[in-house]
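Asks: Starting from these lines, generate the structure:
(2 chains, ligands or ions: 1)
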Amino acid sequence: MREETIQLDHGSGGRAMHALVERVFARAFANDFLQELNDSAILPPASGRLAMTTDSYVVDPIVFPGGDIGSLAVHGTVNDLAVSGARPLYLTAGFVLEEGLPMAVLDRIVSSMAEAAREASVLIVAGDTKVVPRGKADKIFINTAGIGVVRDDVRLGGGNARPGDVVLINGTIGDHGMAVLCRREGIAMESEILSDSASLNHLIEAMLGAFPGIHVLRDPTRGGVATTLNEIACQSGVGIRLHEEALPVREDVAGVCELLGLDPLYVANEGKVLAVVPAESADVVLEAMRRSPRGRDACRIGEVVAEEPGRVFLRTRIGGHRLLDMLRGEQLPRIC
Amino acid sequence: MALRYVDEFRDGGLAAKILLRLKKTVHGLEPMHFMEICGTHTVAVFRSGLRDMLPEAVRLVSGPGCPVCVTADEDIDRAIWFARRPEVIVTSFGDLLRVPGSESSLLEERSRGADVRMVYASYEAVKIAQDHPDREVVFIGIGFETTAPTVAAAIRQAAAQGIDNFSVFSVHKLLPPVMRALLDSDSLRLDGFLCPGHVTTVIGARAYEEVARGYGMPCVVTGFEPLDILQGLSMLVDQKRSGRHDVEIQYRRGVTWEGNPAAQKLLEEIFEPADAAWRGLGSIPGSGLAIRSAYADYDAARRFSIPEIRVRENPACRCGDVLRGVIRPPECPLFRKVCRPQTPKGPCMVSSEGTCGAYYRYTS
Ligand code: SF4
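Replies: Reported below is the predicted structural model:
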């Protein structure tokens, strides 16, 4: 039997497309709103301020150790809402499929999206599918948009960091970027590095539950921890100092980084959150983080200072200081 | 991976002790200038914050040991000439793709439709050639004695498997000849060399003997952890103070006097020393590696007839002086003004190991 693949017809709006939507998407994402299959999903009123976000996912490879483009598309959008202090409610999913994509691959990606949505307690309520000729896209692109509600007492913002605050993170740095890189470039390791891709909304709910006055939450995705902290330092007009020996980096991630001349502080994460918290509440937040499955390895990595506003510094192991600039261009491996 | 092993070489307490001793030793002495020839050292010094911790009298001068930085304009222009040929897939390592030639860079060519691919290892380029038998794959071979053996291995592999659409454009450089050339030019005042651990793993510490004896220049082969560098510097200071000029090995866990005979044999089989053009330093006799005629089929320079290339160098760029250690990056009029990592005017700003890039990234 020949392997079933995506045909141009699947995006035509006709019978083939309806069959695809019914068989793949509607079945996997099943919920009352989507089941209607109308032009838009009509949702019940929500209490609180609304948060809305969108992001497109074009990762290569589409399946990587610890995840795939489907779960990533859910985690990314859920996390964008969560770090804004919102409780994510609904997502939409738009697919651009390349002609020839094996149906089995699409099935796997869609069911991993459905699983990720279930885990994050969000519903995928609307969607769209386009098929482009072979060579006009790279297998599959996914766009997700999301809506959530923000509690009244939560006032998160990148401009809220104050000198004296401490910087927390919920676990190890650089796992996602290195997992994808190792798979893409065929770098073999004794034990495979797994992506940290995960939804953070339950963790963040626990953190805000413990202390609603958290100043800043951000997920350090592309550009890594260093770039994200630079953004916060600029927005808040403060300096941020990290301590090299406090940074949690897995040994194998550090090893590959060393080998390729990359700095884990600039490598992407997909299941990490940085929190800037007043010093007196840091322990309460840390404890709440450590009780949540996504925050077991939470720790303190630095503090906010008044000196050098807009800049991030690293205090190195040997007691030196160095500037941690924003990432410029792509991080490329060294050659010697 | 044995990272705990590495951690020992980053130990803060031990660093403080060595630093204190170094400070006492050099107290009241005239400043000494030591060149870290290699870009990996330059970056390690900045990344650990070591530069600002050193005593006044111990000064580090960055040298020409970043292979991207020393690649001559005309070689970048030749790489771009390859990229513009529709049948060619150009492959190379990371940073080289961003280096500006006379009019553009390989990355710019890629955005205009050229097939330019970044690889992490030279055998990946051979694999690309295998996967695209109807195309010509040209690998831009760049690097010092550390990387050259892996490129030699790729050529030998292609030859053994009869892959006939793969060739290498060799712009490899050798370290000892450029050290001698630097010492022959009189614009530089140096008190010793911090020699790179990884290159020496291949060539062996004996390779610096001519520099040490012939020029009276202390040489210490040093690893890349902050403590390695500190220890290497104090060994240089000790030599200087006692009037010695020897080759010493600080990096004993990786380096021997003889080096790696297997890698040397591989180099010898595929390559022969040739004159090479260095950015800012001109042509240096015997400082490059050309592919031997027995492997002419794998030599992109012979396989294609590359036209005469006339380069237009940016007259304001001071990369040559930076590479010779004559000026520090902030002394270049373009530094931080028009020349930044996003818009590099010279290769020293492009490369992750370039001196200007390190200054830009790690100092305020
Ligand atoms: S600042 Fe730019 S132009 Fe000046 S020497 Fe450095 S790389 Fe060259």
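Asks: hey, which helix or strand in chain A has the poorest pLDDT?
Replies: When each helix and strand of chain A is scored by mean pLDDT, DSSP states H and E, helix A:251-260 comes last, with a mean of 85.
Asks: what about it, near chain B?
Replies: Yes - judged by Cβ under 8 Å from any Cβ of the partner chain, helix A:251-260 and chain B are in contact via A:251, A:252, A:254, A:255, A:256, A:258, A:260. Every C-beta, even on glycine, is put in place using the N, C-alpha and C of the backbone.
Asks: any chance of the residues you listed in JSON lines, with distance to the ligand and neighbour count too?
Replies: Shown next, in JSON lines, are the residues of helix A:251-260 next to chain B (distance: Cβ to the nearest ligand atom, whole Å; neighbours: other Cβ atoms under 10 Å in any protein chain shown):
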{"residue": "A:251", "distance to the ligand": "35", "neighbour count": "14"}
{"residue": "A:252", "distance to the ligand": "35", "neighbour count": "18"}
{"residue": "A:254", "distance to the ligand": "30", "neighbour count": "20"}
{"residue": "A:255", "distance to the ligand": "31", "neighbour count": "19"}
{"residue": "A:256", "distance to the ligand": "29", "neighbour count": "23"}
{"residue": "A:258", "distance to the ligand": "26", "neighbour count": "15"}
{"residue": "A:260", "distance to the ligand": "23", "neighbour count": "19"}
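Asks: re earlier: could you check how far the least confident helix or strand of chain A is from the centre of its chain?
Replies: 22 Å (Cα atoms, centre = their mean, to the nearest Å).
Asks: Could you list every helix and strand that it packs against?
Replies: With contacts taken as 3 or more Cβ pairs under 8 Å, 6 or more residues apart in numbering or on different chains; DSSP states H and E, helix A:251-260 sits against helix A:175-185, helix B:3-8.
Asks: tilt between it and helix A:175-185?
Replies: For helix A:251-260 against helix A:175-185, the angle by axes from the mean of the first three to the mean of the last three Cα atoms, to 10 degrees is 60 degrees.
Asks: Strand partners (parallel or antiparallel) of the next helix or strand after helix A:251-260?
Replies: Heading C-terminal from helix A:251-260, the first helix or strand you meet, by DSSP states H and E, is strand A:274-277. Counting by DSSP bridges, the strands paired with strand A:274-277 are strand A:166-169 (antiparallel), strand A:216-218 (antiparallel).
Asks: Tell me the residues of the stretch 251-364 of chain B that contact chain A?
Replies: B:340, B:341, B:342, B:352, B:353, B:360, B:361, B:362, B:363, B:364.
Asks: which residue packs closest to the last one, ignoring adjacent ones?
Replies: When the adjacent residues along the chain are set aside, residue B:364 lies closest to residue A:323, with 5.4 Å between them (Cβ to Cβ, 6 or more residues apart in numbering or on different chains).
Asks: Count residues in the vicinity of the residue in the stretch 101-250 of chain B positioned nearest to the ligand, would you?
Replies: Going by Cβ to the nearest ligand atom, the ligand is nearest to residue B:105 of the stretch 101-250 of chain B, at 13.6 Å. Counted with other Cβ atoms under 10 Å in any protein chain shown, the neighbours of residue B:105 add up to 21.
Asks: Quick check: it vs chain A, distance?
Replies: To chain A, residue B:105 is 11 Å away according to Cβ to the nearest Cβ, to the nearest Å.
Asks: what residues are up against that residue?
Replies: Contacts were defined as Cβ atoms under 8 Å, 6 or more residues apart in numbering or on different chains; by that measure residue B:105 touches B:76, B:80, B:97, B:98, B:99.
Asks: next one: phi and psi at the last one?
Replies: Going back to what we said before, that points to residue B:99. Per-residue torsions, residue B:99: phi -70, psi 130 (degrees, to the nearest 10).
Asks: Residue A:242 reaches residue A:323, doesn't it?
Replies: No - counting by Cβ atoms under 8 Å, residue A:242 stays clear of residue A:323, with 11.2 Å between them.
Asks: between these two, who's got more neighbours?
Replies: residue A:242 (21 against 18).
Asks: I would like the residues contacting the helix or strand harbouring the more buried one, please.
Replies: Taking DSSP H and E as the criterion, residue A:242 maps to strand A:239-243. With contacts defined as Cβ under 8 Å, 6+ apart, strand A:239-243 is touched by A:161, A:163, A:167, A:229, A:232-233, A:301-315, A:324.
Asks: Got a ChimeraX select line for the buried ones in those residues?
Replies: Per 16 or more other Cβ atoms under 10 Å in any protein chain shown, the buried members of these correspond to this ChimeraX selection:
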select /A:161,167,229,232,233,301,302,303,304,305,311,312,313,314,315,324
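Asks: give me phi/psi at the residue lying closest to residue B:319 once chain neighbours are set aside?
Replies: Nearest residue to residue B:319, sequence neighbours excluded (Cβ to Cβ, 6+ apart): residue B:346, at 3.9 Å. Backbone torsions for residue B:346, taken as degrees, to the nearest 10, come to phi -140, psi 160.
Asks: Mind putting the strands paired with strand A:274-277 into TSV with mean pLDDT?
Replies: As requested, those are exported to TSV (pLDDT from 0 to 100):
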stretch	mean pLDDT
strand A:166-169	98
strand A:216-218	97
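Asks: can you put these in a markdown table and add distance to residue A:78?
Replies: As requested, the strands paired with strand A:274-277 are exported to a markdown table (distance: least, Cβ to Cβ, whole Å):
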| stretch | distance to residue A:78 |
| --- | --- |
| strand A:166-169 | 18 |
| strand A:216-218 | 13 |
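Asks: From residue A:224, how far out is the closest residue in space to residue A:264 that isn't next to it in sequence?
Replies: Spatial nearest neighbour of residue A:264, excluding adjacent residues (Cβ to Cβ, 6+ apart): residue A:174 at 3.7 Å. Relative to residue A:224, residue A:174 is positioned 7 Å away (Cβ to Cβ, to the nearest Å).
Asks: Compare those two (neighbour count), which wins?
Replies: Legend: neighbour count by other Cβ under 10 Å for residue A:174 and residue A:224, higher for residue A:174 (30 against 26).
Asks: List the residues that contact that one.
Replies: Residue A:174 touches A:224, A:249, A:250, A:253, A:257, A:264, A:265, A:267, A:268, A:269, counting by Cβ under 8 Å, 6+ apart.
Asks: can I get these in a markdown table with distance to residue B:30?
Replies: Output for the contacts of residue A:174, formatted as a markdown table (distance: Cβ to Cβ, whole Å):
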| residue | distance to residue B:30 |
| --- | --- |
| A:224 | 43 |
| A:249 | 42 |
| A:250 | 47 |
| A:253 | 45 |
| A:257 | 40 |
| A:264 | 41 |
| A:265 | 39 |
| A:267 | 44 |
| A:268 | 49 |
| A:269 | 49 |
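Asks: Minimum pLDDT in those residues, which residue is that?
Replies: Among these, residue A:257 carries the weakest pLDDT, at 85.
Asks: pLDDT score for residue 66?
Replies: Answering for chain A, as no chain was given. Looking at residue A:66, the pLDDT reads 93.
Asks: other chain: chain B
Replies: 88.
Asks: How many neighbouring residues does it have?
Replies: 31.
Asks: which residues touch it?
Replies: Applying Cβ under 8 Å, 6+ apart, the residues contacting residue B:66 are A:336, B:38, B:39, B:42, B:347, B:348, B:351, B:353, B:354, B:355.
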